[in-house]
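Q: Have a look at this fold, sequence not included:
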């Protein structure tokens, strides 16, 4: 059997223990396979979480050593499996193994060295494996990483806070190098905390005897505490949504230049946070300072001649600012945008501000402006529904939702881009928020929205995240799609158009997102701005932003506020 077949056999025979996954993608678009234990991402478990790592050099002997560790774990039976949760990356360099380019990966890189990898996530032309492994392992956050290597003699080495176990194994301190094991065990990998590492070097026929020593040690009560990285994720996860929102609001929503959705959503988020937390500092004066002059300016003065939906959706703050200040002129800007940039629609019913290929971005951009403009009209006692009619026709005429329930990026880009599906989920949620229960198109839109969210359930990762390409295992776990889908689920259940069958998925999404917000508002793997691409490789290669990012920060702030509203609603 080849590598993939061996992993599939293990997951088939031991479905109660492991699920098949992928932790990265090579330049040849080969998935880096992984075995995930059922407790890998469970917040509270009594098991010691071990991550097995082998095959970094691509040598078959190293890969065989990895499978020997898995066999040893299975031979330990229920008593060992009760104490230890073993996940595995059996071959971290699958292209090197398949192509025989050892220790390289066939693209000019060597996944066995060069850690921590700097930049180019995950589009590095030579060594994307190193970047995927570095990020994935940190946020997997095992209690210990066990790497197995091939050699004629037996040797244990260790790095990080694992001295007592290392002494029992007669392990040597790892010498300073640029190995993955060494880099994970010191400093703040991925802005988290270290993960202790053990390295076993031996022949395959010695693996069982050696690793059994480790199993016996780990079976002892409190032999190994949670890793510092795991404890850091636990700490982040214990923050309430409103605590996370305060962090995000301090970092985002303090600029509106140009007017664009990535900044307007953050302004809206600050206003929503203050509504939820009125004892906090009011953002109203600061936001009014930023938008001074917009309310009495023409649409052309604010946006220019040819601005599209991304800019117009920067007005999502306007109705909330009007409510907070009592100044109706902010609402007037919404009406003028709807009138001047969304009329007249063309023969296909597409408004001027939208692209003509039914891009999923426009599902949100259109709905953000037209829905709010409709709400303003309703408050003024006007019964006509023309703004929402433009939006519902656009959604119903779009042919980008496929038979599996997911959305293509547009009608000529047949890829299930992550944030594209986030835009669709968010666009429908915003539309349904402002669409009256009596509107003739509501039932049809609800059916599409529910089918979409139900389809997404099957693609959510055990970490809670959705991927950069929804249906491509190994593509990176992306922040904004998870925030946007989570927001849509929380809002839909709170306002009643979704039932509680989405609860577990929502809570898991919040778990994944909350772990990826640091104390300064830094984020993990936000896909950069992305137009329509023409290949799988182009979507895989969209840069993943780490740290401060206004797009990700805005969506995370909205999600945190909506999550807080949902929890209060269900309390």
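A: Yes, it's here. This one's a predicted model, so the numbers in the text were calculated from it and none came from an experiment.

Q: Show me what counts as buried in the helix or strand bottoming out on mean pLDDT in the chain.
A: Taking mean pLDDT, DSSP states H and E as the measure, the helix or strand of the chain with the lowest value is helix 299-303, at a mean of 87. By neighbour count on 16 or more other C-beta atoms under 10 Å, the buried set for helix 299-303 is 299, 302, 303. Using the backbone N, CA and C atoms, a C-beta is placed for each residue, glycine as well.

Q: And those residues, which is closest to residue 220?
A: Comparing the buried residues of helix 299-303 against residue 220 with C-beta to C-beta places residue 303 closest, at 65.8 Å.

Q: ok, back up a step: what is the nearest of the buried residues of helix 299-303 to residue 2?
A: residue 303 (55.4 Å).

Q: mind checking which helix or strand the closest residue in space to residue 434 that isn't next to it in sequence is in?
A: Distance criterion C-beta to C-beta, 6 or more residues apart in numbering; nearest residue to residue 434, sequence neighbours excluded, is residue 371 at 3.3 Å. Assigned by DSSP states H and E, residue 371 falls within helix 360-379.

Q: average pLDDT for that helix?
A: Averaging pLDDT along helix 360-379 gives 96.

Q: Give the other helices and strands that it contacts.
A: Counting contacts by 3 or more C-beta pairs under 8 Å, 6 or more residues apart in numbering; DSSP states H and E, helix 360-379 packs against helix 261-276, helix 309-312, helix 318-325, helix 329-341, helix 386-397, helix 418-434.

Q: and it, how far from the chain's centre?
A: Offset of helix 360-379 from its chain centre (C-alpha atoms, centre = their mean, to the nearest Å): 26 Å.

Q: same thing with stretch 561-569?
A: Computed by C-alpha atoms, centre = their mean, the chain-centroid distance of stretch 561-569 equals 20 Å.

Q: That stretch: which residues count as buried?
A: Buried residues in stretch 561-569, counted by 16+ other C-beta under 10 Å: 561, 562, 563, 564, 565, 566, 567.

Q: need the contact list for the fifth one.
A: Right, the one you point to is residue 565. 276, 490, 494 (C-beta atoms under 8 Å, 6 or more residues apart in numbering).

Q: and it, what pLDDT?
A: 98.

Q: And the strands in the chain?
A: 18-25, 31-37, 48-54, 84-89, 144-150, 155-159, 172-173, 197-202, 466-467, 477-478, 523-527, 544-547 (DSSP state E).

Q: got JSON lines for these, with mean pLDDT and mean neighbour count too?
A: Formatted as JSON lines, the entries for the strands of the chain read as follows, by pLDDT from 0 to 100; neighbours: other C-beta atoms under 10 Å:
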{"stretch": "strand 18-25", "mean pLDDT": "97", "mean neighbour count": "22"}
{"stretch": "strand 31-37", "mean pLDDT": "98", "mean neighbour count": "24"}
{"stretch": "strand 48-54", "mean pLDDT": "97", "mean neighbour count": "25"}
{"stretch": "strand 84-89", "mean pLDDT": "98", "mean neighbour count": "25"}
{"stretch": "strand 144-150", "mean pLDDT": "97", "mean neighbour count": "23"}
{"stretch": "strand 155-159", "mean pLDDT": "97", "mean neighbour count": "20"}
{"stretch": "strand 172-173", "mean pLDDT": "97", "mean neighbour count": "11"}
{"stretch": "strand 197-202", "mean pLDDT": "98", "mean neighbour count": "23"}
{"stretch": "strand 466-467", "mean pLDDT": "98", "mean neighbour count": "26"}
{"stretch": "strand 477-478", "mean pLDDT": "98", "mean neighbour count": "24"}
{"stretch": "strand 523-527", "mean pLDDT": "98", "mean neighbour count": "25"}
{"stretch": "strand 544-547", "mean pLDDT": "98", "mean neighbour count": "19"}
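
Q: Quick one: closest of those strands to residue 215.
A: Closest to residue 215 of the strands of the chain, according to C-beta to C-beta: strand 84-89, at 6.7 Å.

Q: re earlier: redo the contacts of residue 565 as a markdown table? Include neighbour count, distance to residue 196 and pLDDT.
A: Compiled in a markdown table, the contacts of residue 565 are given as follows (neighbours: other C-beta atoms under 10 Å; distance: C-beta to C-beta, whole Å; pLDDT from 0 to 100):
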| residue | neighbour count | distance to residue 196 | pLDDT |
| --- | --- | --- | --- |
| 276 | 16 | 40 | 98 |
| 490 | 31 | 37 | 98 |
| 494 | 17 | 42 | 98 |
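
Q: Relative to residue 40, how far out is residue 492?
A: Using C-beta to C-beta, to the nearest Å, residue 492 is found at 29 Å from residue 40.

Q: same check, this time on residue 397
A: Counting by C-beta to C-beta, the gap from residue 397 to residue 40 is 43 Å.

Q: related to what we said a few turns ago, tell me the one of the buried residues of helix 299-303 nearest residue 507?
A: Nearest to residue 507 among these: residue 303, at 38.8 Å, using C-beta to C-beta.

Q: okay but that closest one is in contact with residue 315, surely?
A: No - applying C-beta atoms under 8 Å, one finds residue 303 not in contact with residue 315, separated by 9.4 Å.

Q: Overlap in contacts, those two.
A: In contact with both residue 303 and residue 315: 259, 337, using C-beta under 8 Å, 6+ apart.
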